[in-house]
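Peer 1: let's see this in three dimensions:
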Amino acid sequence: MGNFKDLKRYFDKYFDEEQRFLSAAGQIRFEMTCFELDKYIKNTSKILDIGGGVGAFSKYYALKGNLVYYGDISTTLTNKARLYLHDIENIVSIKELNIVDLNEFSDNSFDFVICLGPFHHLPKVEDRIKGINEISRVLKPSGLAFVSFIPIYAGFDLLMRKVIKYHKTLDNNIIDNFNKNHVLSNLYKNDFQEGYFPNKKEIINLVSSKFNLLDIFSIKGLATSRGDELYKLKESNFNLYTSVMNMIYESRKSPSLIETHGHCLTILKNRK
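Peer 2: Numbering: from 1, shown residues only. Below is the predicted model:
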């Protein structure tokens, strides 16, 4: 099993998830993700939001009339979510949870599972398999899961930034590990912890053990590095912003974008 102690410490002490979500890039990602999930999630569904961060998706879907169960590995984020979600009627529970162990829930509990983060931090194969198995187990037959990954070349970009930043203390092992396993090993407790950055084929092989893949695409596509500029455009010329965003939406399924830009999202149908 992976080093979840270090991962938990990173999110509890060093990473500002709230600031990331409230940034222009975070808001663009949230809006573009909801646009896709809204195609499938209907009101009065039962939803597990695992890796729920500050609780944005939990709040959004609870206010739409769904029963939402929030979970995150971070004590800090779970406590923030309790404050953020405390007065929302359809929030059923808010608990610390790990994607590899969802024994809190019975089989066939949920219509939908939203998992937008945990698989970014599962460098060990056995943990990724456990995560997929647990999502399938708690989902109802034919239930849907929305699972995100940081794709291989977005991971390579992160690797280059780490090598440049820490070049005095790193050696070729970090690059060799990435090339061989698509895993980034981090030696610094206050920086992005161990991560897994698959290519499209690896993603499909992982999820196909339990799910039928309905769709896969880049969440933000060409908007990945343009959050601030797009938000300014939205405020100054909404019609032009809409046209640009339509072009971005239409290009997100390009194979080259799926493996290079930010995060990719899979839409999965439980096969049991």
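Peer 1: in the protein, which residue sits furthest out from the middle?
Peer 2: Lys168 (31.4 Å; C-alpha atoms, centre = their mean).
Peer 1: ok, now which ones touch Ala76?
Peer 2: Actually, residue 76 is Thr. It isn't Ala. 11-13 (C-beta atoms under 8 Å, 6 or more residues apart in numbering). From N, CA and C alone the C-beta is placed, and that goes for glycine too.
Peer 1: swap the cut-off to 10 Å and go again
Peer 2: Applying C-beta atoms under 10 Å, 6 or more residues apart in numbering, we find Thr76 in contact with 8-9, 11-18.
Peer 1: what about it, which SS state?
Peer 2: On the three-state scheme (DSSP: H, G, I helix; E, B strand; the rest coil), Thr76 is labelled helix.
Peer 1: mind checking pLDDT for it?
Peer 2: For Thr76, the model assigns a pLDDT of 92.
Peer 1: narrow the contacts of Thr76 to those in strands?
Peer 2: Taking DSSP state E, every one of those sits outside strands.
Peer 1: any regions of this structure where pLDDT drops low?
Peer 2: 1-3, 186-193 (pLDDT under 70).
Peer 1: hmm, back to that, doesn't the residue farthest from the centre of the chain lie inside a strand?
Peer 2: No. Checked against three-state DSSP, Lys168 lies outside a strand; its state is coil.
Peer 1: thought Phe105 was touching Ile47?
Peer 2: No. The pair Phe105 / Ile47 is not scored as a contact, 11.9 Å apart, by C-beta atoms under 10 Å.
Peer 1: which one of the two has more residues nearby?
Peer 2: In terms of neighbours (other C-beta atoms under 10 Å), Ile47 is the more surrounded of Phe105 and Ile47; the figures are 25 against 18.
Peer 1: before we move on, back to that, now the buried members of the contacts of Thr76.
Peer 2: Neighbour-count burial (16 or more other C-beta atoms under 10 Å) is assigned, among the contacts of Thr76, to 8-9, 11, 15, 17-18.
Peer 1: name the nearest of those relative to Ile41.
Peer 2: The nearest member of the buried ones among the contacts of Thr76 to Ile41, counting by C-beta to C-beta, is Glu17 at 22.4 Å.
Peer 1: thought that closest one was touching Tyr84?
Peer 2: No. Using C-beta under 10 Å, Glu17 is not in contact with Tyr84; the gap is 11.3 Å.
Peer 1: now the common contact residues for the two.
Peer 2: Counting by C-beta under 10 Å, 6+ apart, the contacts common to Glu17 and Tyr84 are 52-56, 77.
Peer 1: span of stretch 169-183 from start to end?
Peer 2: 19 Å (C-alpha to C-alpha, to the nearest Å).
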